[in-house]
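Asker: Provide a 3D model corresponding to the input given below.
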Amino acid sequence: MEKLQYIKKFGESYMDIAEEIRRIEEELKKTPYNKATQKHIARLKAKLAKLREKAQSRSGGGGGKGYAVKKSGDATAAFVGFPSVGKSTLLNKLTNANSEVGAYAFTTLTIVPGVLEYKGAKIQLLDAPGIIVGASSGKGRGTEVLSAVRSADLILLTVDIYTLEHLPVIERELYNVGIRLDQKPPDVKIKVKDRGGINVTSTVPLTKIDKDTIEAILNEYRIHNADVVIREDISVEQFIDVVAGNRVYIPSLVVVNKIDLADEEYLKYIEERLKEFGKDYVLVSGNKEINLDLLKEKIYNKLGFIKIYLKPQGKKPDFDEPLIMRKGATVKDVCEKLHRDFVKNFRYALVWGKSVKYPGQRVGLDHKLEDEDILTIVIKRS
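Answerer: Numbering: from 1, shown residues only. As a prediction, this is how the structure comes out:
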């Protein structure tokens, strides 16, 4: 009986949140943007962001059974799209996975992992269940799917030649669960204080947001005393992202499947539409295995891999089997990948290559490595 009452209360609470989201969305549509309304609009957007986070947590956005996948390999890329666009076929052709394929919607009911081995890198590919409109609000277990792909290093926005109109829909659903595609975190620092009010410092002219709007957003998040330092011309939405603090920034690649069903003229039309969308893309056919090597190359390049050649002390570098890392990797990242005790017992490292001023330069754990650097790690001996 208590469980039934809890479920009833839980459901009512979620419905209340969904209704409030709809109400604010309608108010935003009806409110004209001008100098007099910009502060009010910013408050509404901040409220909307908070409500969406609540809705995700109430609808199981933390991930459900079968949706938690342990990351493995050198990086992870996830196919995300509507049902029946061929995500499972692509996964099966690119990896060692066995994702069920069918000519009907919702064949994939859990997230299926596979491993693509390419140019020495092991890339984990995920086939996520198809999402639908409203997925970010919990429809079709959408929040569980979308939350599970938040940890991916690359999002593969997957459509077929007849469903290009799904691309902005997928992007919007991802946006609503805090996934920012092809963006970098805004260069903004917020230091909350006990007193002193809101102090805003900007190193660049702000054309999309002003101090009053910044204060309004912070107050909506119950922050009344803080030092804010802004180093780029940010928008209201970007500032809300910084305050919310739970956004992830992931690169994307558009994958258009089933090109074997189109003639040359229609493919040209598709490419024109994709150029308007403004994202990097690749046209493929999973069934006919067309352009799959190009897709592998694009995935590899988008993930920003670099090769690090390890050189044991007193020996030659191993040029045959480089260590595959991501761009921006540090010596510490390499140590953590090689052995869990390497960081604890680290003394120093020697580097030859583009990241240092002279060959064999001695560096610490925080040193950033470049592609094709040669690295020697010196550890304490027990």
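
Asker: any idea what Val112 is bridged to?
Answerer: Using DSSP bridges, the bridge partners assigned to Val112 are Asp127.

Asker: swap in the one 10 residues further on?
Answerer: Going by DSSP bridges, Lys122 is paired in beta bridges with Glu117.

Asker: report the contact partners of it.
Answerer: By Cβ atoms under 8 Å, 6 or more residues apart in numbering, Lys122 lies in contact with Ser72, Gly73, Asp74, Val115, Leu116, Ile324. Just so you know, the C-beta spots here come from the backbone N, C-alpha and C atoms, and that holds for glycine as well.

Asker: where does confidence bottom out across those residues?
Answerer: The lowest pLDDT within those belongs to Ser72, which sits at 82.

Asker: just to check, it is in contact with Val115?
Answerer: Yes - using Cβ atoms under 8 Å as the test, Ser72 is close enough to Val115 to be in contact (7.4 Å).

Asker: ok, these two, which is more surrounded?
Answerer: In terms of neighbours (other Cβ atoms under 10 Å), Val115 is the more surrounded of Ser72 and Val115; the figures are 15 against 12.

Asker: re earlier: from the contacts of Lys122, which ones fall inside strands?
Answerer: Assignment to strands by DSSP state E places the following of the contacts of Lys122 there: Val115, Leu116, Ile324.

Asker: helix, strand, or coil at Tyr348?
Answerer: Per DSSP: H, G, I helix; E, B strand; the rest coil, the local secondary structure of Tyr348 is strand.

Asker: my guess is it contacts Asp366. True?
Answerer: No - the pair formed by Tyr348 and Asp366 falls short of the contact definition of Cβ under 8 Å, at 12.0 Å.

Asker: neighbour count: these two, which is higher?
Answerer: Between Tyr348 and Asp366, counted using other Cβ under 10 Å, the more crowded position is Tyr348 (14 against 8).

Asker: from Gly197, how far off is the more buried one?
Answerer: Relative to Gly197, Tyr348 is positioned 46 Å away (Cβ to Cβ, to the nearest Å).

Asker: what's the pLDDT at the residue nearest the centre of the chain?
Answerer: Nearest to the mean C-alpha position of the chain, counting by Cα atoms, centre = their mean, stands Ile250 at 3.0 Å. On the pLDDT scale, Ile250 is placed at 96.

Asker: check Asn92 too.
Answerer: According to the predicted model, the pLDDT of Asn92 comes to 91.

Asker: kindly report the same for Glu264.
Answerer: The per-residue pLDDT of Glu264 was computed as 92.

Asker: quick one, phi/psi of it?
Answerer: phi -60, psi -40 (degrees, to the nearest 10).

Asker: so Glu336 is in which element?
Answerer: Assigned by DSSP states H and E, Glu336 belongs to helix 331-338.

Asker: mind giving me the packing neighbours of that helix?
Answerer: Taking 3 or more Cβ pairs under 8 Å, 6 or more residues apart in numbering; DSSP states H and E as contact, the helices and strands that helix 331-338 lies on are strand 323-326, strand 346-352, strand 373-379.
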